[in-house]
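Asker: Sequence and predicted structure are below.
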Amino acid sequence: MVSTSNAKKKMSLQKKHNLIGWAFLIPASLLIFVFCFYPMFQAILLSFKKGMGEAQTWAGIPEQVNDGKSGYLVAAGDNQKFAEMLREVMQMSAEQYDAMSREAYQYGSKKYATGGAVERFVGLLNE
């Protein structure tokens, strides 16, 4: 009888340890999942900061590029225009390139960063 009592206590202790493990694992997993988006967002902003400056107008690219200021947009399939824009970007001076990169970073920050989103939301509430 003593051995079955110990086995039940052991099993009960194992279940308790499993529950404690899950109690730590689930919130930690949720926090990791949530906070992984922030570094990805920062990577997008960083790519705007030092991008080459040309893009084709498909998918969501036109929403992310201010044509002529933070980059250039080219219609999908217009290879001639794409080649022209690429040549233009490659011939930019360092100052022009830095100015366009800075504009791209500021445009992306204003449009997609938390502060800009809050501003737009408050603007909608005030309407």
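Answerer: In hand now; what should we look at? Numbers count the residues shown, from 1 in each chain.
Asker: Give the buried residues for whatever helix or strand Met100 lives in.
Answerer: For Met100, the enclosing helix or strand under DSSP states H and E is helix 94-112. Under the neighbour-count criterion of 16 or more other Cβ atoms under 10 Å, helix 94-112 has 97, 100-101, 103-108 buried. The C-beta positions use only the backbone N, C-alpha and C, and glycine is treated the same way.
Asker: Next SSE downstream of it?
Answerer: For helix 94-112, the succeeding helix or strand toward the C-terminus, using DSSP H and E, is helix 114-126.
Asker: how close does Lys81 sit to Leu73?
Answerer: 10 Å (Cβ to Cβ, to the nearest Å).
Asker: Would you mind pulling up the elements that the helix holding Met100 packs against?
Answerer: Contact here means 3 or more Cβ pairs under 8 Å, 6 or more residues apart in numbering; DSSP states H and E; on that basis helix 94-112 packs against helix 2-49.
Asker: The helix it packs on to helix 114-126, inter-axis angle?
Answerer: An angle of 90 degrees separates the directions of helix 2-49 and helix 114-126 when computed by axes from the mean of the first three to the mean of the last three Cα atoms, to 10 degrees.
Asker: from the chain's centre, how far out does helix 2-49 sit?
Answerer: Its chain's C-alpha centre lies 24 Å from the corresponding centre of helix 2-49 when counted by Cα atoms, centre = their mean, to the nearest Å.
Asker: Likewise for stretch 120-127?
Answerer: From the chain centre to the centre of stretch 120-127 is a distance of 24 Å (Cα atoms, centre = their mean).
Asker: now stretch 94-113
Answerer: Computed by Cα atoms, centre = their mean, the chain-centroid distance of stretch 94-113 equals 16 Å.
Asker: Just the CA coordinates for that stretch, please, in PDB.
Answerer: Only the C-alpha atoms of stretch 94-113 are listed here, as PDB (Å, rounded to 0.1, in the frame of the first residue of the first chain):
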ATOM      1  CA  ALA A  94      26.200  61.400 -52.300                       C
ATOM      2  CA  GLU A  95      24.200  64.500 -51.100                       C
ATOM      3  CA  GLN A  96      21.200  63.600 -53.300                       C
ATOM      4  CA  TYR A  97      21.400  60.000 -52.200                       C
ATOM      5  CA  ASP A  98      21.500  60.900 -48.600                       C
ATOM      6  CA  ALA A  99      18.700  63.400 -49.000                       C
ATOM      7  CA  MET A 100      16.500  60.800 -50.600                       C
ATOM      8  CA  SER A 101      17.400  58.200 -48.000                       C
ATOM      9  CA  ARG A 102      16.600  60.700 -45.200                       C
ATOM     10  CA  GLU A 103      13.200  61.500 -46.900                       C
ATOM     11  CA  ALA A 104      12.400  57.800 -47.200                       C
ATOM     12  CA  TYR A 105      13.200  57.300 -43.500                       C
ATOM     13  CA  GLN A 106      11.100  60.300 -42.400                       C
ATOM     14  CA  TYR A 107       8.300  59.300 -44.700                       C
ATOM     15  CA  GLY A 108       8.200  55.800 -43.400                       C
ATOM     16  CA  SER A 109       8.500  57.000 -39.800                       C
ATOM     17  CA  LYS A 110       5.700  59.500 -40.100                       C
ATOM     18  CA  LYS A 111       3.400  57.100 -41.900                       C
ATOM     19  CA  TYR A 112       4.100  53.800 -40.100                       C
ATOM     20  CA  ALA A 113       5.600  54.600 -36.700                       C
END
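Asker: Noted, bye for now.
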